[in-house]
Each structure stands twice: as structure tokens, then as C-alpha cells.
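[1] I would like to see how this sequence folds:
(2 chains)
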Amino acid sequence: MGPMNEHPAEPLTVTASAVVADEHDPDQDEWVERLEQRVFAPTRARGLAYQLWLFGLVAIMAFGGIALVLQLRDGLYVTAMRDRISWGLYITAFVFFIGISHAGTLISAILRVSNATWRTPVTRIAEAITVVALVCGGFMVIVDMGRPFNLYQLWLHGNWQSPIMWDMMAITIYLTGSVTYLLVPMVPDLALFRDRLRGRVPRIQSWVYDVFSFGWTGNAEQKRSLLKAISVLAVLIIPIAVSVHTVVSWIFAMTVRVSWNSTIFGFFFVAGAIFSGIAALILVLATVRKIYDLDEYVTYIHFKYLAYMLLTTAMVMIYANASEFITKGYHAEEEDLFAFRELFVTDFAPFFWFYFFGGLVAPILIIAYPRTRTISGFVVSSVLVLAAMFVERYFIVVAGMRVPLMPYEPAHYTPTWNEWAMVAAGVATFLFLLTLFVRFLPILAVWEMKEEYEEQQMAASPEQAMVSNSATAPQPSMSVGGP
Amino acid sequence: MTEEDQDLPGSTPDSGGRRRDTGVPVRLTRRSILKGIGISGAAITIPLAGVSMASTAEVPKPRVRQWAMIIDLRHCDGCQSQGTPPRCTTACIEGHLAPQPMEWIEVYEGEMAGGGTQFIPTPCQQCENPPCVNVCPVAATYSAPDGVVQIDQERCIGCRMCMAACPYDRRFFNWGDAPVPPEAVLADYSSRHQIGAKTGTVMKCDFCTDLARAGSLPQCVQACPNAAIYYGDLEEDVATNGREIVSFRQYASENNAYRLKEDVGTQPRVQYIPGHGELVGRDPHDEGRLPTVWPWVERAEGSVTWGR
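    The predicted structure is shown next:
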């Protein structure tokens, strides 16, 4: 893939002026001050739009709450699921959210391990998406339970033969790992918040910064431990993240249903997860950038590289689909034929073709075609990808369930308002938690950006001494391998 | 295991309530079992009861019954000739107080290769390698020592993974407050007879092992007007439809018995003898059967029903 080697279209940071790098370089101080102010800005934002946004989200969550109470009272009767299509929108949303969760940790960890320095302004938000999406995914699978209050049985009588137990283990480990992976690199920034915002924010907020900065002072020993911890976590989190979505797919693949019982499922789900994760990241990043005016730090380059990753993953998805459909379809058994017919021609055809053309082909074209290779183009692609991936999860679950097992008429499933309300509440919870994150916690990895900026200044100065007018020279931070 | 599982068939309670072995001489054992599973031919069983009581010489080695079933499709006409919905399903529903729309034994109408249809009464197949048991995260569904797949509804969390896993569509979920007759609330709960539908849990055919232990045949076997269903014990190699007694394996192999979806490797305990009701005079092109009814729906207040 191109990004690492690509010559950047424009510099990552503000044009470095040709001054001698100095500990107390006024330009540098100004740069740092501006960055910090940008990161503090959300903690002060209390505009009407923000209030309305929160109110809207809480209203949707409350509506979902009503649906949940009704469901707890009357049972899953309130859904459209029945014996023959016994999983529906909830499981769709579960798989979707777990997919989104790969935005962060996996993408951020891969970029960290491969030393792609352009990642720095992107990672924090990506890691936050992961944690929040995992929480929402867990919520969706619990509302799907017939007796959620009986869940403690998993701890009393867990059966390790069951893919659901594998899933629970993988997701729990992933949640723990990604919370840690979010928190550890945030420690120096929380210390910054602690030091600079004391007295300017409510006491409890200060207290949180205080507790979670773990007495960070920034001395050399702390820094060494931090860097070591981050690099260990980044390596550990990759196999965990891959295992999570593999195991999610195994919930389906371990059954004998024709649409699910496939060896490619694990790989396919991981690819789909990364695919939708990148799309979610682009979308959230573009929104946050717009609202908090982060154009200086999150630049076109970042979007372009993420979009290239999106394009590559889209191609992987097409490949996986082709591989699956052609091997199965070539010698199609009766049940395969039914599954193909409902997917390509009858009941689920609109979903499938939207997924294929809207979610795979269109984003590839948008990103590949230079004139649409803009941030708006990427945002449009991401919206398409997210919609398509939700639809894809839906037809995997429902169309797979619909293939008759015995001589009976295929069942039908149209989700009820309760199910939609609950899924909407899940999405609202996702956005709500993310908003809270942005509102109270450092959205950029300030300390890493500062360090890189300093290194860049150091590296740039000698060059600039020799080459005048070096504003168009490639920034060191964009080179392969980084510092 | 529950206390009931200790109550191994093959031993019969004596007058003092203690159990003693009856199973040494093969001839006697078979007959006493026939008594045990409710063959009411008094001429055979009554004299032998006394004989079996006396045979206590050998070391008692309790047998575990391995319940199994043969369904002779040559005798099944979907109760077309009776002018009723399939009697097996009706008896099962009434005997188990099964909520609507659960048909623990469901009579499917399958197409035949040469045209026409056959009726296939389908209880839970009691697989020896049950996919549902493998996937249950809390082991609420399990294979009992007698080979019967049971469900402990008190433990079930309602994830429905077993329903996704079952290749025979033989599991049913209590989506809501199911219609059961008022007397169901009086029944004690046991995973051997799931009476009292618990909202949010899965139910299915329990193979009537409680009836078998009490010396009777399953509801569906008793109710079949054509005696098409044989119930028996693989361990003892015996089966009966309530009219005749056969050797399970011999009867199955002599009549080309097969199992449903043999290729998925579940190893069902239910075998089928191919046919389309020809021995009871059914024309394969005489399609359709009457729909199942649940008799107490009107009596169950405040409950809901749903479709499949």
C-alpha cells in the first residue's frame, strides 16, 4: 500500500520557518501553546448546539430504554424474531459494533508497530472509538438474551465448547486490553490536563485527571517505562483484536447452516471489521476536526492515508466474497442455491447489491478517482461503507437463518419498532460516550505530537541552514520508518 | 446429575422401595423391560415379575437404557385417514402442555424424488453428537446418560445458539408468556418433563423418558393410530410400537432404515423406514394434512401466541 512511501501533497505541520532550533524558540513555544489550547478547547465548549446534540442523544437512548423495559416485561415476543429466524437486528448490531471497534486499537497498533509516524494525531480518537464500540456491542448482545438476568450462569457453568464462551472471553480480554491501550498513552496528556486545568474545571473532573495521570511528572524514567509499555501493548493487542472478530464469526461458522459454515468466515469478518472500523474512524475524525477546528493537526494527508487503507480493504472484501461465492456456487447444493437466490435475486437482493455496489465498488471509485479524492469524498465513502457493512451484517445473519432446514415454507423477518429503537439507542450510546470522551479527555496525543514536532525542528534546522526556501521540502516526519 | 438419573431402568423397586438388579438372565431381562416400558400384555409380564424378583445372585451392574426410536414411514399417512391433525403431535401437545406454536414432534410433508409427498413425523433426533449441546454456553442443554438431550430451563440464558446449531429445526423458544393451561403451574419442574413454559428459554421434545421409567410409552407412540412409531432401547436391542415387540437393530436394518441428514455427522437416535404411508393405503399424490391445534388457547388468559 502506498501511504508510507508516498510523497506528501502538503506538509503535515505549519511551515517551519528557517530559524535556529532553540530550547526556547518562540515559534515552537507558540506552536505548543496553540496545540494545547486546541486540545483544551472542548473542555470549555458549552454551546447551544452541543446541548441540543446531547439532549437528542439522551432522548433516543431514553426511547430505547422504553423499548428495553417493554421487552423485559413481555419477553422477546416484542421483536420480530421467531423460531425459524431466531437472530435478527440485535445480533446484526452486535457484529457491526464489534466490527467498528477494530477501528481503533487494531489500526492504531498496526500503525504504531510499523512506525508510521503520520498516525500520531489519529490514534487517540481511534482508540476511543474502540472502547466505546465494544461497550455498545456488548449491550446489543445482552438485549438479545431471552433471560439477561440469568447471565451469571456463564460464570457458574461456562461450557468452553461453546463459541459464545470463546466470544465472551475474547471480548472481555479485548475490552480490558483496549481500555489499557487507550489509557496508557493518555497518561502524559492527562497530567497536562491536571496541571493546566486545575481550578478551571469542576473539582470531580480535576480529580479524575489527577487519579488517571498516576503521578506523571515526565521524568526520564517515567518516559522510558511509558514507551516500553506502549510498545508491548501495541504488539499484544493485534492478535487479541484479530481473535475477537474471528471468534465472533465462529458463532455463525460453527453451525451446520450452509451460508455460515465456511472456513473463510473468520478472515472475512476480520477484514470486514477493519473495513468498517476505518470508515468509522474517518467519519469521527472529520467531524471532530470540523467542530474543534483541528485542521492544522489532522490534515488531508491523514484522511488520504486512511482512505487508501479503506480502498485496500474494500478490495480484500471483494476478493473474499468472490472466493466464497464461486467455490460454493460452482457445485451448488440445493440449500446453497436457495441461499444464492434469496441473496442475489429475491428477498435480500436490494441489500446485497447495495452492499456490493454502494459499499465496495463506489468507495473504491471515489477514492481512486483524483477529482473525488477529497475529504468530502472520503466522508461520503465512509458513510456508504458503514451503511453497507450494517446491511451486510444483516443479510449474513438473517438470510443465513432463513434457508430452510426441513421441508417448511421459509420464514420472514421484518424488525419491529422495538428492535429499531434499541439499535438506535445503541448508536446513540456510541455517539454519546464518544462525545463525552471528546468533551472531557485529550483528543490528540499532545505529548507525542510535541515530541515529533521538536524532533522535526531539530532535523529540519540543519537542512534549512543549507537549503534556503525549504518550505516545500518533505517533512522528516513523513518519511518511512519515522525517527 | 439429578436424583432421577440415578433411577436407572433395568432395576425395579421392590416392596421396600430398594432397588435390585433384574438383569442377569437375558430372557428375563428382556421381558421385565418390556414390562418396564409398558407392554400391557398381561399374559407375558405378570408371571415374570415374580421370577425377576428372585434373581439377585449376580453382582448388580446397573444398565443404562439408551432410548431410541424407529419411525416407519410406510405406516404414516399424516392422519389423513383419521380426518384429524396428526395424532402424535396432538398427543404430544396435550401430554406435555406444549405451548402454541410448538410441535415437539412435527409432521413435515417432504417431496419425493419421483413426485408426490411423504409425511415425516420429526421429534428431536436425540443426536449422539448433538450440535446444540456443543454450543450451549452454560451447558443448560446436555446429553443425559441415557442418550437423551435434555434442557434445564432454569439455567438457560436464552441466547438461542442451540437453535442456530440444530440442523433439524427441532428447538422452540418461549418468545413471550406462552399459552399453557392453568394446571401447568401445578407441575413440578424437571428437565425430564418440561412443563411450565418459562419465558426466554428453549424447549423441545424430551423423548418422554419419565413415561418410559414409569412403564409407559411416549405420548406420540401411544397416540399413533397406525402404530408407526417404535420406541425402545439400543442397549437391550428392543423396540415396540405398543402392538409388537421387535429387535431394534434387526428391524431397522431389515427395513433399510436411515437417519435424517446423515451427512452432518450428528448421529441421531431416531431412525426412519422409508415410505409414504403405502401400507395404510395412502396415495403419495394425496397431499396435505390438517393443521395442528392447541386445545387450551382459549383457557390460557393473559398469554400471547406467535407463529414459527
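
[2] okay, CA-based contacts and neighbour counts for the rest of this
    OK.

[3] where does the most centrally placed residue in chain B sit: helix, strand or coil?
    Central residue of chain B (CA atoms, centre = their mean): B:Phe207, 2.8 Å from the mean position. Of the three states, B:Phe207 takes coil under DSSP: H, G, I helix; E, B strand; the rest coil.

[4] quick one: contacts for it?
    By CA atoms under 8 Å, 6 or more residues apart in numbering or on different chains, the residues touching B:Phe207 are B:Cys124, B:Val148, B:Pro218.

[5] can you get me a residue count around the last one?
    For B:Pro218, the number of neighbouring residues by other CA atoms under 10 Å in any protein chain shown comes to 25.

[6] quick one: it and B:Cys208 touch, right?
    Yes: applying CA atoms under 8 Å, one finds B:Pro218 in contact with B:Cys208, separated by 5.1 Å.

[7] domain map for chain B?
    As assigned by automatic domain parsing, chain B contains the domains B:3-54, B:67-280.

[8] mean pLDDT lowest for which of the ones you listed?
    For those, mean pLDDT drops lowest on domain B:3-54, to a mean of 41.

[9] hang on, the earlier thing: distance to A:Val78 added to the domains of chain B, as a markdown table?
    Output for the domains of chain B, formatted as a markdown table (distance: least, CA to CA, whole Å):
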| stretch | distance to A:Val78 |
| --- | --- |
| domain B:3-54 | 37 |
| domain B:67-280 | 8 |
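
[10] returning to what we had before: how far away is the residue nearest to the centre of chain B from B:Gly200?
    22 Å (CA to CA, to the nearest Å).

[11] in which helix or strand does residue 128 reside?
    Answering for chain A, as no chain was given. A:Ala128 is part of helix A:120-143 when elements are defined by DSSP states H and E.

[12] give me the distance from that helix to the chain's centre.
    6 Å (CA atoms, centre = their mean, to the nearest Å).

[13] point me to the residue of the stretch 201-350 of chain A nearest chain B.
    A:Thr255 (4.8 Å; CA to the nearest CA).

[14] next, the contact list for that residue, please.
    A:Asn261, B:Pro131, B:Ala164, B:Ala165, B:Cys166.

[15] measure whichever residue of the stretch 351-483 of chain A sits closest to chain B to B:Thr122 for me?
    Chain B sits closest to A:Pro407 of the stretch 351-483 of chain A, with a gap of 5.6 Å, by CA to the nearest CA. Remark: distance between A:Pro407 and B:Thr122 (CA to CA) = 11 Å.

[16] for stretch B:148-160, which positions count as buried?
    Neighbour counts over stretch B:148-160 (16 or more other CA atoms under 10 Å in any protein chain shown) mark B:Val148, B:Val149, B:Gln150, B:Ile151, B:Asp152, B:Gln153, B:Arg155, B:Cys156, B:Ile157, B:Gly158, B:Cys159, B:Arg160 as buried.

[17] nearest residue to the fourth one in space, please, no chain neighbours.
    Take B:Ile151 and drop its neighbours on the chain: the residue closest to it by CA to CA, 6 or more residues apart in numbering or on different chains is B:Thr141, 4.2 Å away.

[18] just give me the neighbour total for that neighbour.
    If we define neighbours as other CA under 10 Å, then B:Thr141 has 24 of them.

[19] cool, A:Arg439 as well?
    Neighbours of A:Arg439 under the rule other CA under 10 Å: 19.

[20] tell me the angle the helix or strand where it lies makes with helix A:120-143.
    Using DSSP H and E, A:Arg439 sits within helix A:417-440. Put simply, helix A:417-440 runs at 150 degrees to helix A:120-143, going by axes from the mean of the first three to the mean of the last three CA atoms, to 10 degrees.

[21] restricting to C-alpha, output helix A:417-440 in CSV.
    What follows is helix A:417-440, C-alpha atoms only, in CSV (Å, rounded to 0.1, in the frame of the first residue of the first chain):
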residue,chain,number,x,y,z
TRP,A,417,-40.1,-0.7,16.2
ASN,A,418,-38.7,-2.2,19.5
GLU,A,419,-35.7,-3.6,17.7
TRP,A,420,-35.1,-0.4,15.8
ALA,A,421,-35.5,1.6,18.9
MET,A,422,-32.9,-0.5,20.7
VAL,A,423,-30.4,-0.4,17.8
ALA,A,424,-30.9,3.4,17.6
ALA,A,425,-30.3,3.6,21.3
GLY,A,426,-27.1,1.6,20.7
VAL,A,427,-25.9,4.0,18.1
ALA,A,428,-26.9,7.0,20.3
THR,A,429,-25.0,5.5,23.2
PHE,A,430,-22.0,5.1,20.9
LEU,A,431,-22.2,8.8,19.9
PHE,A,432,-22.9,9.9,23.5
LEU,A,433,-20.0,8.1,25.0
LEU,A,434,-17.7,9.4,22.2
THR,A,435,-19.0,12.9,22.8
LEU,A,436,-18.2,12.7,26.5
PHE,A,437,-14.8,11.4,25.6
VAL,A,438,-14.1,14.3,23.3
ARG,A,439,-15.6,16.7,25.8
PHE,A,440,-13.5,15.7,28.8
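
[22] follow-up on the earlier one: neighbour-wise, which of the contacts of A:Thr255 leads?
    Busiest of the contacts of A:Thr255 [other CA under 10 Å] is B:Ala164, holding 26 neighbours.

[23] disregarding residues adjacent in the polypeptide, which is nearest to that one?
    Spatially, and ignoring its direct neighbours in sequence, B:Ala164 is nearest to A:Thr255 (6.7 Å; CA to CA, 6+ apart).

[24] that neighbour should be in a helix, yeah?
    No: going by three-state DSSP, the assignment for A:Thr255 is coil, not a helix.

[25] from A:Met169, how far out is it?
    Separation of A:Thr255 from A:Met169 (CA to CA) stands at 19 Å.

[26] re earlier: out of the domains of chain B, nearest to A:Gly359?
    Closest to A:Gly359 of the domains of chain B, according to CA to CA: domain B:67-280, at 27.8 Å.

[27] first-to-last residue distance for the closest one?
    Domain B:67-280 has an end-to-end distance of 27 Å (criterion: CA to CA).

[28] could you do stretch A:137-156 as well?
    Stretch A:137-156 has its terminal residues 23 Å apart, counting by CA to CA.

[29] ok, stretch B:239-249 next?
    From its first residue to its last, stretch B:239-249 covers 9 Å (CA to CA).

[30] check the secondary structure at the nearest residue to A:Asn150 once chain neighbours are set aside for me.
    Leaving out its chain neighbours, the residue that sits closest to A:Asn150 by CA to CA, 6+ apart is B:Ile157, at 5.3 Å. Under three-state DSSP, B:Ile157 falls in the coil class.

[31] is the helix or strand following the helix holding A:Ala128 anywhere near chain B?
    Toward the C-terminus, helix A:120-143 is succeeded by helix A:153-157 as the next helix or strand (DSSP H and E). Yes: judged by CA under 8 Å from any CA of the partner chain, helix A:153-157 comes into contact with chain B at A:Gln153, A:Leu154, A:Leu156, A:His157.

[32] what mean pLDDT does helix A:153-157 have?
    Helix A:153-157 carries an average pLDDT of 93.

[33] quick one, whichever strand or helix holds A:Val270 and helix A:417-440 angle?
    According to DSSP H and E, A:Val270 maps onto helix A:265-292. Using the same axes, to 10 degrees, the inter-axis angle of helix A:265-292 relative to helix A:417-440 is 50 degrees.

[34] quick check: B:Val293 touching B:Thr90?
    Yes: under the criterion of CA under 8 Å, B:Val293 makes contact with B:Thr90 at 7.2 Å.

[35] neighbour-wise, which of those two wins?
    B:Thr90 (24 against 16).
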